[in-house]
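1. no sequence on this one, just coordinates:
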DNA sequence: GCCAACGTTGGC
DNA sequence: GCCAACGTTGGC
């Protein structure tokens, strides 16, 4: 499976307020349209088409529109309830079409960011909770948010007994491997740059990786995204 | 609605 | 393995 993310928590996080807002829309799952290829065979795809959230939705104060993302997952084996949650970028490459569903996110803020994702946008694949944390590669969002079927699966690590089929709490997106970075960009290097930029100004000044460290799905501004990509051609700091 | 206790994330 | 930071829960 795809235990991708550490969602456990993380992913799911809501930060405070945000989530609440989001939560508000909780019901809005997006539409599950057809199933894409979920990776796991199971995909339950609910077929209902959601019409949308509209209803109540007042979309809160609008959330800024981001179009680049960073998603965390653990590349090294670790048992959670007896189940290995390992899912690194190499695992994504192995799936059919190099595509998988990013299930298991159980944090409202992270979930909301996934709900904001649009097909065709890019996300960094970040390796967390491992020897060398950092950004390994780039993926593309190939299916916008739909119901995360693992919330209803008692056997799944991320089963959520509080989520009901008629009002699912958790969503996921499908992502496709795009490419490895020309070199792995370690967290340690990003951190040094972040600290410099905080002092003198610079693109990584407010990077979510440092300002909201525990969030497993986070947005990047275009400037941040491009800056990180520019590091590929530099020598490691 | 506050807030203390508890649980999780994830770097180190 | 430790533990700081922070989200979540539940009593009141």
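-> Great, that's in hand. Quick caveat, the model's predicted, so the values are computed rather than measured.
2. how would you label residue A:142: helix, strand or coil?
-> Recorded secondary structure, residue A:142: strand (DSSP: H, G, I helix; E, B strand; the rest coil).
3. Kindly give the local confidence score, pLDDT, for it.
-> Confidence at residue A:142, expressed as pLDDT, is 98.
4. correct me, but residue A:83 touches residue A:159?
-> No - at 10.7 Å, residue A:83 and residue A:159 do not qualify as touching, with contact defined as CB atoms under 8 Å. C-betas here are computed from N, CA, C, even on glycine.
5. contacting residues around residue A:134?
-> A:126-127, A:184-190 (CB atoms under 8 Å, 6 or more residues apart in numbering).
6. Can I take it that residue A:180 is in a strand?
-> Yes - with three-state DSSP as the criterion, residue A:180 is part of a strand.
7. Next one: it from residue A:226, what distance?
-> Residue A:180 sits 18 Å away from residue A:226, going by CB to CB, to the nearest Å.
8. How about the contacts made by the residue nearest to residue A:210 when sequence neighbours are not counted?
-> Counting by CB to CB, 6 or more residues apart in numbering, the nearest residue to residue A:210 once its immediate chain neighbours are dropped is residue A:194, at 5.0 Å. Residues in contact with residue A:194, defined by CB under 8 Å, 6+ apart, are A:204-205, A:207, A:209-210.
9. Quick check: the gap between residue A:194 and residue A:223.
-> 13 Å.
10. what does residue A:74 give?
-> Relative to residue A:223, residue A:74 is positioned 28 Å away (CB to CB).
11. These two: which is more packed in?
-> Taking other CB atoms under 10 Å, residue A:74 and residue A:223 do not tie; residue A:74 has more neighbours (23 against 13).
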